[in-house]
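J.: One predicted model, sequence on top.
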Amino acid sequence: MSTPDPTATAPAADVTSAAGAAAAPPALVFDDVSVVRGGRLVWSEGTFEIPTGSVTAIIGSNGSGKTTMIKVILGLVPTASGRVRVLGHAPGEGPSSGRDDIGYVPQDYTSTAGDAIRARDAVLLGLTGSRWAFSRITREQRERVDQALAAVDATEFANRRVSQLSGGQRQRVAIAQAIVSRPRLVVLDEPLASLDLRNQREIVDLLGRLNKDLGVTILVVAHDLNPLLSVLDGAVYLLDGHAHHAPLSGVVDEDLLSHLYGTRIEVVRTPQGELFMRSV
Ligand SMILES: Nc1ncnc2c1ncn2[C@@H]1O[C@H](COP(=O)(O)OP(=O)(O)OP(=O)(O)O)[C@@H](O)[C@H]1O
């Protein structure tokens, strides 16, 4: 019997709909959190909740601590103070130490087994965690890999080596690897950087489908909010050394964005209802 199609099955029973999302406990809870790296306070006073089933950007100027926040969530960087809960657990704890429940797409994805392996084997790493398990994969694991590749439209190049893929194709493989364990939370560090406009659009659409069809909560580090506006519910913004969260309507604010990026930002609403931001 084949396993369910990931494009049709929610990974967690409580996140299948907007109504379910409203009732579910928050995916992330930060309570007066601060982080120190290399003896320097990166950000502090992080107190916010991120709703289950939402798509949230993490924004801030270079060096403000966006990647640091992701590493805190993954349990890779300790907090200096405060309390963090990720899917109800301390970072890095919970079932399988959070590995299966949280998918991570790093900045500048390179397969942990090197670029010489095939795309499908890189995705398998998201299930096995080790290239030494390749020889012992089960039929269910193979099907899960096929489903993850199909969900990101990567079936066509699944047998090519990661080193032979374009940036957009590589990003799809990275996302397939992150979702193959059917996580409830997917965290992506600048997934749109260095992609052309068409690939940006396709990756954003893919994130929208993961969120709407599978109920996955998505956190995405971004420098430019424009390509993400169609899928975003809100943003964590790192401003003046403090971490805040606001719904999208609160973030798309000229004064806030101008302060955040240190340059004058104009928010434009076209007569057709489109919204975008530009530096003026
Ligand atoms: N391994 C580390 N050891 C010490 N300090 C670090 C380490 N990694 C990052 N930092 C410092 O932490 C701060 C935040 O870095 P981080 O990479 O989180 O910022 P960012 O907002 O993601 O930056 P960018 O937009 O440039 O990617 C910076 O001052 C950086 O120098």
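T.: Sure thing, it's come through.
J.: Flag every residue of this protein that's near the ligand.
T.: Within the chain, the positions adjacent to the ligand are Arg37, Gly38, Val42, Gly60, Asn62, Gly63, Ser64, Gly65, Lys66, Thr67, Thr68 by Cβ under 6 Å from any ligand atom. C-betas here are computed from N, CA, C, even on glycine.
J.: ok, the last one touching Arg40?
T.: No - taking contacts as Cβ atoms under 8 Å, Thr68 lies outside contact range of Arg40: 10.7 Å.
J.: Looking at those two, which has the bigger crowd around it?
T.: Thr68 (19 against 7; other Cβ atoms under 10 Å).
J.: secondary structure class for the more buried one?
T.: Secondary structure state of Thr68, per DSSP: H, G, I helix; E, B strand; the rest coil, is helix.
J.: Just give the closest residue to it, not the sequence neighbours.
T.: Nearest residue to Thr68, sequence neighbours excluded (Cβ to Cβ, 6 or more residues apart in numbering): Val42, at 5.1 Å.
J.: Same question for Leu192.
T.: Take Leu192 and drop its neighbours on the chain: the residue closest to it by Cβ to Cβ, 6+ apart is Gln200, 4.8 Å away.
J.: what helices or strands is the one helix or strand the one you found maps to leaning on?
T.: Element membership for Gln200 (DSSP states H and E) is helix 197-214. Contacts defined by 3 or more Cβ pairs under 8 Å, 6 or more residues apart in numbering; DSSP states H and E place helix 197-214 against strand 55-60, helix 167-179, strand 217-221.
J.: any chance of those in TSV, with mean neighbour count and distance to Pro106 too?
T.: What follows is the helices and strands packed on helix 197-214, written out as TSV (neighbours: other Cβ atoms under 10 Å; distance: least, Cβ to Cβ, whole Å):
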stretch	mean neighbour count	distance to Pro106
strand 55-60	25	14
helix 167-179	24	7
strand 217-221	25	10
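J.: got the ones you listed as JSON lines, with mean pLDDT columns?
T.: Putting those into JSON lines (pLDDT from 0 to 100) gives the following:
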{"stretch": "strand 55-60", "mean pLDDT": "97"}
{"stretch": "helix 167-179", "mean pLDDT": "94"}
{"stretch": "strand 217-221", "mean pLDDT": "98"}
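J.: what's the closest residue to Gly60 other than its chain neighbours in contact with, if anything?
T.: Distance criterion Cβ to Cβ, 6+ apart; nearest residue to Gly60, sequence neighbours excluded, is Leu238 at 3.2 Å. By Cβ atoms under 8 Å, 6 or more residues apart in numbering, the contact set of Leu238 is Trp43, Ile58, Ile59, Gly60, Ser61, Ser64, Gly65, Lys66, Met69, His244.
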